[in-house]
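**Q** What follows is a predicted protein model with its sequence.
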Amino acid sequence: MSAYNRLWGKSCSGSDTLLTTILRDKWGFNGYVVSDCGAVDDIWKTHKIVSTAAEAAAISVKSGCDLNCGDTFLALKKAVAKGYITEKEIDQSVKRLFTARFRLGMFEPKDQIPFGNIAMSAVDKPESRAVALKMAEASIVLLKNENSMLPLSKNLKNIFVTGPNAGNIDILNGNYFGLASEVVTPLEGLRNKLPGSNISYAIGCPLIGDKLFDFIPDSLLSTDGGKGWKAEYFDNTKLIGSPAFSGVEKRIDFKVEGGPVTSQLSPDSSSVRFTTELTCPESGEYVFVFNGQSVWTNSGFTFSIDDQKQIDTWNSKPSPDEKTVRIGLVKGRKYKLVTEYFKVGGGAELRLKWSTPFDEVKKALELARKSDVIIFFGGISPQLEGEEMPVPYEGFKGGDRTTLNLPAVQTRYLQQLKKTGKPIVLVLHNGSALSINWEAENIPAIVEAWYPGEEGGTAISNVLFGDYNPSGRLPLTFYKSVDQLPPFEDYKMMGRTYKYFMGEPLYKFGFGLSYSTFSYDNLVIPKTINPGESLKISVDVQNKGNLDGNEIVQLYIKDMEASVPVPVLSLQGYRSVHLKAGEKKTVEFILKPEQMAVITDDLKSIVEPGVFEVSLGGCQPDNKTIALRSVITGRFEALGERFEIR
């Protein structure tokens, strides 16, 4: 069968495609199917399965795709005219789509549409931010805590905060996000947590590369309303009339995909003027760098110093390139800075940073030596990893990763901080695994904070200072190196993920520490089961520590006598259990037949007779975890004949 027919079915009738035979006929799905954005375009533009949009639209609908994210389905009328598809076949998709809309109540009177009368006052309420905080706290993973360095004492007087992600708003969100009305960076979270402590800050090193840029400290900026930038927001693109609203911003830094500059403005068109007075801290050459235009948005901006225009892209073709200004400034002199920005449609993006003439690393190390503890916020960011993005740095390609290493400039800076002799806490921000081999060996406390959302800074400070006992677990494997993995182009699973990886990773899937210790005992599991039976398993979990906390009880299973290749381990259940200090609880799981099954070569789901090993604990089983009783194991045997799950 040709590649065309293998993908779309014999003669593209749709009767034998996977979306029909598996999704609808076997699984009983009766909803609608929507393509990924641009996926139907790829059928004819990129993959060249067919040569025209009409053919691509026809085979997509015939194969079970009802809705196209893109514009290829506009060619369906032409496809009917050419005989590629019939109106009756299109009607089947239309029926599914309108059925969904009717079920949503979209054709009811406006005041009766369930989601049609939600006022903006229901958005971003205190209880919503409380949920964001709870989610961020629960996601944080404690990777290392040598000699119980964490939690830190709230009586610390001199805390040095450093690293490229300490004040970086980017690391609060992943790719594709809305714009929160208020966000808390890690640096802000710490300052809010300990208002009486001396918290000094210097960025210390760039996120990647050799150029060190940071936001202009708001302490150097003054406006009518205080420190920072006076921001005037307009509901038009030409800064005309009175502002819709105004306020003071600490920095010029916003990026939102498919939305307005701020949630208080129209998503279609808006503009903003930022004004401030800068007091120059040192004489020398300063470099101002802007990111302010997107290829997806009609936008432009200007930047002026003392009413002299330095950058003007107001009428330029949108380009993602950075715009820079190099200018000599004099210590103590005040300079008027004005930035104006507009956008039409799409998303909104404008960010201003600068590079100073003085030695940031020297300044940072001086502050580090005076501190009681160093808290370094590093890792990567959504500006480096994402979907189809140009990233001109070693280790990154098109939003993908070619290595798993922490950017070398951060490791070099951490090595300098280590020489100060001060205790260091490393907080990582990333959406994918990092190989932090030197850090894991040399830094006493390491926290994985991911991209934690609008209350991320608050959540991190709560964990660091003991107001939240961390319980997060790694949802992926942290390898020691990309060299431990098969080639990227090899799509087979062998050698990948905790299920099929045979080496020793840096940190295992499911790993995570707590400020408490938990022990497991009294595993209750039947010795045998009959074909097709479920299995009840229970275990006692006790908090042996002095702090209340959550334990994530994980159930892993391994088929010891499978006739086909099976995972080394397979996670088949987990429970989050809150235990007060000293408290013990019994946790139960029901293991269903489909959780014991293997997939045979003829794609049948079969429970085979034989021995199965079960492990329950706060992490994956190995000799060490079993010896410490943080994991307990047992076995059962499935009797009888092979049992097919239908």
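**A** It's in. All values derive from a computational prediction rather than experimental measurement.
**Q** Quick check: residue 485 vs residue 497, distance?
**A** 10 Å (Cβ to Cβ, to the nearest Å). Where you see a C-beta, it was placed from the backbone N, CA and C, and this is true even at glycine.
**Q** more crowded one of these two?
**A** The residue with more neighbours, out of residue 485 and residue 497, is residue 485; 17 against 13, by other Cβ atoms under 10 Å.
**Q** And the strands in the stretch 151-300 of the chain?
**A** 158-162, 198-202, 221-223, 226-227, 229-234, 245-249, 253-256, 269-279, 284-291, 298-305 (DSSP state E, counting those that start in this stretch).
**Q** can you tell which of the ones you listed is closest to residue 332?
**A** strand 269-279 (7.1 Å; Cβ to Cβ).
**Q** Tell me where this structure is predicted with low confidence.
**A** The chain contains residues with pLDDT under 70 at 1-16, 257-260, 292-297, 317-321.
**Q** tell me the domain ranges of this structure?
**A** 3-110, 124-210+366-515, 217-250+258-346, 518-644 (automatic domain parsing).
**Q** Of those, flag the one that's most buried.
**A** Most buried of those, by mean neighbour count (mean count of other Cβ atoms under 10 Å): domain 124-210+366-515, with a mean of 19.
**Q** Endpoints of it, how far apart?
**A** For domain 124-210+366-515, the first-to-last residue distance is 32 Å (Cα to Cα, to the nearest Å).
**Q** Name whatever forms a beta bridge with the residue nearest to residue 313 when sequence neighbours are not counted.
**A** Distances taken as Cβ to Cβ, 6 or more residues apart in numbering place residue 300 nearest to residue 313, at 4.7 Å, with adjacent residues excluded. With DSSP bridges as the criterion, residue 300 is bridged to residue 342.
**Q** again, but for the one 5 residues further on
**A** With DSSP bridges as the criterion, the beta-bridge partners of residue 305 are residue 308, residue 337.
**Q** Check whether it really touches residue 337, as I assumed.
**A** Yes: using Cβ atoms under 8 Å, residue 305 is in contact with residue 337, at 6.0 Å.
**Q** what comes into contact with stretch 583-602?
**A** 522, 532-543, 553, 555, 557, 559, 562-564, 566, 572-573, 575, 577, 579, 605-608, 612, 614, 616, 638, 643, 645 (Cβ atoms under 8 Å, 6 or more residues apart in numbering).
**Q** mind redoing it with 6 Å?
**A** 532, 534-543, 553, 555, 562, 564, 566, 572-573, 575, 577, 605-607, 645 (Cβ atoms under 6 Å, 6 or more residues apart in numbering).
**Q** Stretch 22-42 too?
**A** Contacts of stretch 22-42 (Cβ under 6 Å, 6+ apart): 56, 60, 64-70, 72, 96-97, 100.
**Q** same thing but 8 Å
**A** 19, 53, 56-57, 60, 64-73, 93, 96-97, 99-100.
**Q** What's the separation between the nearest residue to residue 182 once chain neighbours are set aside and residue 199?
**A** Closest residue to residue 182 apart from its sequence neighbours, by Cβ to Cβ, 6+ apart: residue 454 at 6.8 Å. Noted for residue 454: a distance of 21 Å to residue 199, by Cβ to Cβ.
**Q** do the same with residue 511
**A** Counting by Cβ to Cβ - residue 511 and residue 199 are separated by 30 Å.
**Q** again, but for residue 403
**A** 33 Å.
**Q** Likewise for residue 597?
**A** In terms of Cβ to Cβ, residue 597 sits 54 Å off from residue 199.
**Q** ditto for residue 577
**A** Distance from residue 577 to residue 199, by Cβ to Cβ: 35 Å.
**Q** What of residue 142?
**A** In terms of Cβ to Cβ, residue 142 sits 22 Å off from residue 199.
**Q** Quick one: residues contacting residue 133.
**A** Counted by Cβ under 8 Å, 6+ apart, residue 133 has contacts 455, 458-459.
**Q** Residue 74 in helix, strand or coil?
**A** helix (DSSP: H, G, I helix; E, B strand; the rest coil).
**Q** oh, and call the first residue 47 from now on, that's how I've got it
**A** Sure, I'll start numbering at 47, so the last one becomes residue 120.
**Q** which stretches of the stretch 297-446 of the chain form helices?
**A** 406-415 (DSSP state H, counting those that start in this stretch).
**Q** Actually, the stretch 97-246 of the chain.
**A** 99-108, 122-127, 133-149, 172-185, 232-239.
**Q** With the stretch 547-692 of the chain instead?
**A** Counting by DSSP H, counting those that start in this stretch, the helices of the stretch 547-692 of the chain are 669-673.
**Q** returning to what we had before: can you list the strands of the stretch 197-346 of the chain in TSV and add distance to residue 680?
**A** Below are those laid out as TSV (distance: least, Cβ to Cβ, whole Å):
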stretch	distance to residue 680
strand 204-208	47
strand 244-248	50
strand 267-269	64
strand 272-273	62
strand 275-280	62
strand 291-295	59
strand 299-302	51
strand 315-325	62
strand 330-337	56
strand 344-351	61
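**Q** Quick one, which of those gets closest to residue 379.
**A** strand 315-325 (7.7 Å).
**Q** Who are the packing partners of the closest one?
**A** In terms of contacts (3 or more Cβ pairs under 8 Å, 6 or more residues apart in numbering; DSSP states H and E), strand 315-325 is packed against strand 267-269, strand 275-280, strand 380-390.
**Q** May I see the ones you listed organised as a markdown table, with distance to residue 224 added?
**A** Output for the helices and strands packed on strand 315-325, formatted as a markdown table (distance: least, Cβ to Cβ, whole Å):
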| stretch | distance to residue 224 |
| --- | --- |
| strand 267-269 | 27 |
| strand 275-280 | 17 |
| strand 380-390 | 16 |
